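A.B. asks: sequence unknown, structure follows:
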């Protein structure tokens, strides 16, 4: 028996979908209102600025043990520059997370970008400019492949990007013959790490500028709003006329491009490309992405929160190094710091589920 629009079941489903659309639109309106929302009470202040306060407290605590290092500007100038590529990698990871997808291949993409620069510039003699452009283009290719297998075949992004990450890691080993490639053009090294402004390497300013661009896109453009809508509810977004397929595909491609940019910065910082070290930055990027979602715009992934989280974690690692703590403590700090920060944020929110 064919169902008509007057059937009770059809009407009930339409009413349910209407309510879900209204609920998601209400969430988006609430998010929109946070642009200029005043800090009215202490809970709001702690919720949105708690990580910044914790960052300051961390500096004071570590400074009590190593004041000559923790209170020296040179320490922070070096840290800001040396961790810029983690900021960019975290931004790459954050973009698909906003849409409700995971990209576990970002670290491998960063490594491939770095290795391509090494192979093209050092082994093949290509100028550094074209080598960098081709490296960034490789990120777009990887992102497009992730989007194709995830969206066309309907495979979960976690599985696709895990597999593509391992595949790309194999490509890196093959292209490099498992060897480090040194001798990258000094032009790249100069514009990334050697040239400084206020004592801080230019790499930091590149990362800060990219953070600002991504923040603007998600906060003030219709595309960013639609992508956030997709992350809140794909089915409802599709019924509302949002091109979910195109937005999710674009998020994967953008993630690959930004991860490849992180590889360019990483190569410029080291002046070399090695086949395996980039993979170690996946955990710090994940920790920073999720930790950043507890501050500035709590409950959602956001670019300002990501950069604050990266440097909060980096400050802790720097302080532990000054104290002479064993390197394994870094993993404890990344994992434990993430859990603790999210737990504190949830207590401030009254243990409400995160959006």
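C.D. replies: Okay, I see it. These numbers come from a predicted model, not from an experiment. Numbering: from 1, shown residues only.
A.B. asks: where are the low-confidence patches of the chain?
C.D. replies: 1-44, 337-338, 340-355 (pLDDT under 70).
A.B. asks: what do you get if the cut-off is 50, keeping everything else the same?
C.D. replies: Applying pLDDT under 50 to the chain flags the ranges 1-4, 36, 355.
A.B. asks: mind listing the strands for it?
C.D. replies: Under the criterion DSSP state E, strands of the chain are mapped to 181-182, 196-197, 200-201, 272-273.
A.B. asks: Out of those, which one sits most buried?
C.D. replies: Comparing those on average neighbours per residue, with mean count of other C-beta atoms under 10 Å, the densest one is strand 272-273 at a mean of 24. Just so you know, the C-beta spots here come from the backbone N, C-alpha and C atoms, and that holds for glycine as well.
A.B. asks: What is that strand packed up against?
C.D. replies: Packing partners of strand 272-273 (3 or more C-beta pairs under 8 Å, 6 or more residues apart in numbering; DSSP states H and E): helix 106-118, strand 181-182.
A.B. asks: What about residue 69, how many residues nearby?
C.D. replies: The local packing of residue 69 (other C-beta atoms under 10 Å) involves 16 other residues.
A.B. asks: related to what we said a few turns ago, of the helices and strands packed on strand 272-273, flag the one that's most buried.
C.D. replies: Note that of those, helix 106-118 is the most buried (mean count of other C-beta under 10 Å), with a mean of 30.
A.B. asks: Which strands and helices lie in contact with it?
C.D. replies: Counting contacts by 3+ C-beta pairs under 8 Å, 6+ apart, helix 106-118 packs against helix 84-98, helix 128-147, helix 157-176, helix 244-270, strand 272-273, helix 282-292.
A.B. asks: how many other residues sit next to the nearest residue to residue 109 once chain neighbours are set aside?
C.D. replies: Closest residue to residue 109 apart from its sequence neighbours, by C-beta to C-beta, 6 or more residues apart in numbering: residue 259 at 4.0 Å. By the criterion of other C-beta under 10 Å, residue 259 has 33 neighbours.
A.B. asks: Same list (the strands of the chain) but as JSON lines, adding distance to residue 214.
C.D. replies: As requested, these are exported to JSON lines (distance: least, C-beta to C-beta, whole Å):
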{"stretch": "strand 181-182", "distance to residue 214": "30"}
{"stretch": "strand 196-197", "distance to residue 214": "22"}
{"stretch": "strand 200-201", "distance to residue 214": "20"}
{"stretch": "strand 272-273", "distance to residue 214": "26"}
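A.B. asks: right, and residue 214 touches residue 303 too?
C.D. replies: Yes: look at residue 214 against residue 303 with C-beta atoms under 8 Å: they come within range, at 4.3 Å.
A.B. asks: Next, count neighbours for the residue nearest to residue 187 when sequence neighbours are not counted.
C.D. replies: Among residues not flanking residue 187 along the chain, residue 128 sits closest, at 5.2 Å (C-beta to C-beta, 6+ apart). With neighbours defined by other C-beta under 10 Å, the count for residue 128 comes to 20.
A.B. asks: Equivalent analysis for residue 160, please.
C.D. replies: Count around residue 160 with other C-beta under 10 Å applied: 24.
A.B. asks: quick one, what contacts it?
C.D. replies: Contacts for residue 160 (C-beta atoms under 8 Å, 6 or more residues apart in numbering) come out as 146, 149-150.
A.B. asks: What's the separation between it and residue 166?
C.D. replies: 11 Å (C-beta to C-beta, to the nearest Å).
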